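**Student:** Got a predicted structure plus its sequence, pasted below:
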Amino acid sequence: ATRRQPEARWRGEIAAPVNFPDAFPLLVCSLASLADLNRRMPQPVPIDRFRPNIVLDGLPAYGEDACRGLRIGAVSLRLVKPCTRCATTAVDQQDGSPGSNPLPVLRSYRFDRELLGVTFGQNAVIAAGRGALLRRGDVVEPD
């Protein structure tokens with residue numbers, strides 16, 4: 001019966017209840033950011049290591065960090081904070097086995113002193129259009 005909400009300092013006035021996710025309802029990552037990371041990795045990692053809900057194509061590497069929001073059809077998202085990453089990123093999401101660990105590489109250039117963690121991707125809340133359908137290939141307009 002309890003409704004969990006992300007921290008108000010990040011989500012503002014937007015109601016963004018979460019159940020299964022540990023912090024925010026949505027996670028946005030970009031293919032260009034993954035490509036940049038994989039150029040630095042001894043073995044590349046797939047995007048599913050980061051468990052994003054929305055994967056963007058067409059932005060420069062880490063371009064999602066500069067977006068305040070995204071419009072996808074009738075849906076408006078607000079990107080609220082960088083996502084700090086945990087050791088799950090070192091686990092193969094298909095079979096649960098240990099895999100190539102991106103955290104040491106990310107730490108070398110993506111450590112956030114304010115958040116005290118390594119970041120990759122942006123946490124997001126739905127500002128408008130809750131319940132609207134999103135489809136693979138939808139046009140995304142950054143804000």
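**Tutor:** Thanks, I have the structure now.

**Student:** From V140, how far off is F120?
**Tutor:** 18 Å (Cβ to Cβ, to the nearest Å). Bear in mind the C-beta positions are built from the backbone N, C-alpha and C, glycine included.

**Student:** Just give the closest residue to T84, not the sequence neighbours.
**Tutor:** Setting aside the residues directly before and after it, T84 is nearest to G117 in space (Cβ to Cβ, 6 or more residues apart in numbering), at 3.2 Å.

**Student:** Identify the bridge partners of the one you found.
**Tutor:** Applying DSSP bridges to G117 gives these bridge partners: D112.

**Student:** From G58, how far out is it?
**Tutor:** Look at G117 and G58: by Cβ to Cβ, they are 27 Å apart.

**Student:** Looking at these two, which is more packed in?
**Tutor:** The neighbour comparison of G117 against G58 (other Cβ atoms under 10 Å) goes to G117, with 17 against 11.

**Student:** ok so, going back, quick one: which of F120 and V140 has more around it?
**Tutor:** Taking other Cβ under 10 Å, F120 and V140 do not tie; F120 has more neighbours (25 against 18).

**Student:** Am I right that that one is in a strand?
**Tutor:** Yes. Counting by DSSP: H, G, I helix; E, B strand; the rest coil, F120 is located in a strand.

**Student:** The residue nearest to T84 touches R85, doesn't it?
**Tutor:** Yes. Contact criterion Cβ atoms under 8 Å: G117 and R85 qualify, at 6.8 Å.

**Student:** Quick check: chain neighbours aside, which residue is closest to E141?
**Tutor:** Closest residue in space to E141, ignoring its immediate chain neighbours: R71 at 4.3 Å, by Cβ to Cβ, 6+ apart.

**Student:** With A132 instead?
**Tutor:** That would be A74: by Cβ to Cβ, 6+ apart, it lies 4.3 Å from A132.

**Student:** Got the phi and psi for N38?
**Tutor:** When read as degrees, to the nearest 10, the backbone of N38 gives phi -70, psi -30.
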